[in-house]
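K.L.:
Structure for the following, please:
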Amino acid sequence: RTIVRFSKGSPWYLVNMNELRTGLKSELTADGRFLIDSETAADVAAFFEQQEFEAGGVRYIVIDPGHGGKDPGAIGHYTVSGEKKSLNEKDVVLQTALETADMLSARYPDKEILLTRGDDRYLKLEERTEVANSVELAEGESMIFISIHANASFNTKARGFEVWYLPPEYRRDLLDEERFGEVDSDVIPILNTMLEEEYTIESVILGEKLLASLDEEVGDISVNRGPKEESWFVVRNAHMPSVLIELGFVTNQEEAVLLSSSSYLKKLSKGIYNGIVEFINDYELTRGYSD
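P.N.:
Take a look at the predicted model:
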């Protein structure tokens, strides 16, 4: 996809986040229309006339099962037929991530499905996001990042699944300033905000798709706790649309029993898979929500 971004009050406009142009004169009308000068309009029109564009697509899907190795994550204790058992978050999320990745690989042989870990190993938080951030996308390609976790609470009655994304007001440093050479440093935050707002919108949409599909799969036996906002490390440091899923509470007796069940984890995996598929379908149909 190709997108031209403008910012109110700035003389700069940006093409595909890598070609910066200046000379823009603009104004915002009372009825909310964004008007640009005729010279800029002609320049933008010529740019589109000179090139043929293909609809952008999601090329990479990064699945991040939390914790692992020496870090068990949340630990739950529950009882089945009088026998005391324990449940580690790292095991729950790994099985769910692997099954989700398998379904995605079968559905999308032309896309890259990346796992931050595929076995019981320990990764630092920054190593997780580096898996995604180190990928070089070609023009028109996109990527999404889904981190999978299980919840815990001192309130043993707490249960249900939820999806987290960054608060809209949170700002990440998404741009490499070296890319834009001698551009005034005051411009970089404006460009960064343009990209951040796009990622925020896409993260919210991805979160909504995941919640809806999880609700369809397990809503009759679990609780949809809805969307949440927080600046988790793996979400705020992933330079792409990103969300964090909490599958349920290992500290709740009934939910711990469910989370220890392979059949239930398959349902959760199917819910995550369906949500991702729904997002990709809409994303690619609308050329990255730009239509």
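
K.L.:
and residue 57, what does it touch?
P.N.:
If a contact means Cβ atoms under 8 Å, 6 or more residues apart in numbering, then residue 57 has 140-142, 280, 283-284 as its contacts. Where C-beta positions appear, they are placed from N, C-alpha and C, glycine not excepted.

K.L.:
Narrow those to those that are buried.
P.N.:
Neighbour counting with 16 or more other Cβ atoms under 10 Å marks 140-142, 280, 283 as buried within these.

K.L.:
Take these and keep only those in helices.
P.N.:
Within the buried ones among the contacts of residue 57, residues falling in helices by DSSP state H are 280, 283.

K.L.:
May I see the buried ones among the contacts of residue 57 organised as TSV, with pLDDT and distance to residue 30 added?
P.N.:
Formatted as TSV, these follow (pLDDT from 0 to 100; distance: Cβ to Cβ, whole Å):
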residue	pLDDT	distance to residue 30
140	77	36
141	86	39
142	87	35
280	95	38
283	89	33
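
K.L.:
ok, which pair from the buried ones among the contacts of residue 57 is furthest apart?
P.N.:
140 and 280 (14.4 Å; Cβ to Cβ).

K.L.:
just checking, residue 90 touches residue 73?
P.N.:
Yes. Here residue 90 lies in contact with residue 73, judged by Cβ atoms under 8 Å, at a distance of 4.8 Å.

K.L.:
Which residues are in contact with each of the two?
P.N.:
With Cβ under 8 Å, 6+ apart as the test, residue 90 and residue 73 both reach 66-67.

K.L.:
more crowded one of the two?
P.N.:
Comparing residue 90 with residue 73 by other Cβ atoms under 10 Å, the one with more neighbours is residue 90, at 24 against 20.

K.L.:
Run through the residues that contact that one.
P.N.:
Residue 90 neighbours (Cβ under 8 Å, 6+ apart): 65-69, 71-73, 120.

K.L.:
Specify which member of those residues is nearest to residue 131.
P.N.:
Nearest to residue 131 among those is residue 65, at 11.7 Å by Cβ to Cβ.

K.L.:
Please name the nearest non-neighbouring residue to the closest one.
P.N.:
Using Cβ to Cβ, 6 or more residues apart in numbering and skipping the chain neighbours, the partner closest in space to residue 65 is residue 97 (3.7 Å).

K.L.:
Confirm that that neighbour sits in a helix.
P.N.:
Yes. Assessed by DSSP: H, G, I helix; E, B strand; the rest coil, residue 97 belongs to a helix.

K.L.:
Any idea how many residues pack against it?
P.N.:
Other residues near residue 97 come to 25 when the count uses other Cβ under 10 Å.

K.L.:
ok now do it, which residues does it touch?
P.N.:
63-65, 115, 148.

K.L.:
And the helices in this structure, which stretches?
P.N.:
Ranges of helices in the chain, per DSSP H, are 38-50, 89-107, 125-133, 187-218, 233-236, 253-259, 262-285.

K.L.:
of all the ones you listed, which lies closest to residue 159?
P.N.:
Of the helices of the chain, the one closest to residue 159 (Cβ to Cβ) turns out to be helix 253-259, at 4.6 Å.

K.L.:
these two touch, right, residue 62 and residue 133?
P.N.:
No. If you go by Cβ under 8 Å, residue 62 and residue 133 don't touch, sitting 9.5 Å apart.

K.L.:
And these two? Which one has more around it.
P.N.:
residue 62 (24 against 16).

K.L.:
Quick check, pLDDT for that one.
P.N.:
At residue 62, the model reports a pLDDT of 94.

K.L.:
Contacts only, for it.
P.N.:
Residue 62 makes contact with 114-116, 131-132, 143-146, 238, according to Cβ under 8 Å, 6+ apart.

K.L.:
beta partners of the residue nearest the centre of the chain?
P.N.:
Residue closest to the average C-alpha location in the chain (Cα atoms, centre = their mean): residue 242, at 1.8 Å. Note on residue 242: beta-bridge partners by DSSP bridges are residue 145.
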